[in-house]
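**Q** When you get a sec, could you give me coordinates for this:
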Amino acid sequence: MNIKLPILALVLVMAAADHAQAQASLIANGVVAAFNLGRMASRRKAAAVDLPTANVEKYRGQSYPVLRTPTEQLPKKGAAEVTAVEAQLDRFRNALRADSTSALCTPEQRTAFQASIVSLARAQSHWDLQAYQQESAFYLAEDARRQRATVPSTAK
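**A** Okay, here's the model as predicted:
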């Protein structure tokens, strides 16, 4: 029985040491992860570009964002794509303001716009497309409303 007591004590000490080592490892890994997250955040902050903010415009009581990028804030990579998307959105916007009944865009213009958005997303993956998508969705919804208004309703 005398031999069993020291062996039991040794096993308990080893288990406690193993448990303490596991806890220390978890703490060390947590510190390393927190440090890496801090480094990533500082890199993102340093690499962040002052992106323009969208203005909010109203048409027929509905609000929609309008984002136009000043030339000095255009990204080096993808500047042509940003300019193309914004030029097409300007065409839609001018058509919206010019006449309250005519179609805003042709199917070809709609297809060209969708292609330019895809091209911009490929060229500049970090560029926020949400304002462009919301603006174009507003124009397409207004275009659909106008087309429905021109189709005579059949009386039943």
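**Q** just checking, what packs against the host helix or strand of I117?
**A** Assigned by DSSP states H and E, I117 belongs to helix 107-123. For helix 107-123, the packing partners by 3 or more C-beta pairs under 8 Å, 6 or more residues apart in numbering; DSSP states H and E come out as helix 79-98, helix 130-150. C-beta: built from backbone N, CA, C; applies to glycine.
**Q** Return the member of those having the minimum mean pLDDT.
**A** Ranked by mean pLDDT, those bottom out at helix 130-150, with a mean of 88.
**Q** What residues sit buried inside that helix?
**A** Neighbour counts using 16 or more other C-beta atoms under 10 Å place 131-132, 135-136, 138-139, 142-143, 146 of helix 130-150 among the buried residues.
**Q** What of stretch 119-128?
**A** Across stretch 119-128, burial judged by 16+ other C-beta under 10 Å covers 120, 124, 127.
**Q** can you pull the alpha-carbon coordinates of it into CSV?
**A** Presented in CSV, the C-alpha positions along stretch 119-128 are these (Å, rounded to 0.1, in the frame of the first residue of the first chain):
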residue,chain,number,x,y,z
SER,A,119,-16.4,44.5,-64.6
LEU,A,120,-16.0,46.9,-61.7
ALA,A,121,-16.4,44.1,-59.2
ARG,A,122,-13.6,42.1,-60.9
ALA,A,123,-11.3,45.1,-61.3
GLN,A,124,-11.7,46.5,-57.8
SER,A,125,-12.9,43.8,-55.4
HIS,A,126,-12.7,46.2,-52.4
TRP,A,127,-14.9,48.9,-53.9
ASP,A,128,-18.3,49.1,-52.2
